[in-house]
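In: One predicted model, sequence on top.
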Amino acid sequence: AQSVTQLDSQVPVFEEAPVELRCNYSSSVSVYLFWYVQYPNQGLQLLLKYLSGSTLVKGINGFEAEFNKSQTSFHLRKPSVHISDTAEYFCAVSEGGSNYKLTFGKGTLLTVNP
Amino acid sequence: NAGVMQNPRHLVRRRGQEARLRCSPMKGHSHVYWYRQLPEEGLKFMVYLQKENIIDESGMPKERFSAEFPKEGPSILRIQQVVRGDSAAYFCASSPGRGRQETQYFGPGTRLLVL
């Protein structure tokens, strides 16, 4: 069975600093990978997704993630964060045969301080 | 274009009561998914429905839980005889199809508290 580990439950950073949110997964088959963001009192919004092709994926709001198959990782990065990036970030994976069934990590709360 | 709507946003029930959670998908979407997030856990898949059909309910508890997506109206997740362990956030998502290119759009969730 697939699983997702987000290594940091909370990440505090200062505005304009770079940030990396870590995500590792385990699966015995090919996977699709996703990052979602949840702002307070809102639904989850897709930031980016990896289905195939280039391992570097660019998403909305200046975020990008790199798929590393050998390390089974899909870390999310942003070179310079804003206050408005404060939110909960979820990494998710689905397996090729059941691509609709997302398995999520526990989430990482990113707090951007002035 | 309104997003996925869920109501109520917060629901309080006493043990043994029934909870009904509603989800209206985005306009044009005919596929609905329910997920549950227990405290300190990630979201877990529960069930996948199309109009009038349950496609995959492998994540649903065997007892007390049911889901439907009628031809008209919202999708309903029903929990009978709730227990404290049912306290969680329940998220609904929708998509226009189920191909791998389809993104699931999530609602804001319903926070269920069982006293």
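Out: Okay, I see it.
In: Give me every residue in chain A lying close to chain B.
Out: Counting by CB under 8 Å from any CB of the partner chain, chain A comes close to chain B at A:4, A:6, A:32, A:36, A:41-46, A:49, A:51, A:90, A:92, A:96, A:98-107. C-beta: built from backbone N, CA, C; applies to glycine.
In: which among those end up buried?
Out: Applying 16 or more other CB atoms under 10 Å in any protein chain shown to the residues of chain A next to chain B, the neighbour count classes A:4, A:6, A:32, A:36, A:43-46, A:49, A:51, A:90, A:92, A:98-107 as buried.
In: hang on, the earlier thing: among the residues of chain A next to chain B, which are in strands?
Out: Among the residues of chain A next to chain B, DSSP state E puts A:4, A:32, A:36, A:44-46, A:49, A:90, A:92, A:98-104 in strands.
In: tell me the two of those residues that are most distant?
Out: A:45 and A:98 (22.6 Å; CB to CB).
In: now residue 45, nearest residue through space, not along the chain?
Out: Went with chain A since none was named. Spatial nearest neighbour of residue A:45, chain neighbours left out: residue A:37 (5.3 Å); criterion: CB to CB, 6 or more residues apart in numbering or on different chains.
In: um, chain B though
Out: Nearest one to residue B:45, counting by CB to CB, 6+ apart, is residue B:59 at 4.3 Å.
In: Was I right to think that neighbour contacts residue B:43?
Out: No - the pair residue B:59 / residue B:43 is not scored as a contact, 10.4 Å apart, by CB atoms under 8 Å.
In: Give the residues shared as contacts by those two.
Out: Taking CB atoms under 8 Å, 6 or more residues apart in numbering or on different chains as the criterion, residue B:59 and residue B:43 both touch residue B:36.
In: Those two - which one has more neighbours?
Out: Comparing residue B:59 with residue B:43 by other CB atoms under 10 Å in any protein chain shown, the one with more neighbours is residue B:43, at 28 against 17.
In: need the contact list for that one.
Out: A:44, A:90, A:92, A:102, A:104, B:35, B:36, B:37, B:91.
In: Report the separation between it and residue A:43.
Out: 11 Å (CB to CB, to the nearest Å).
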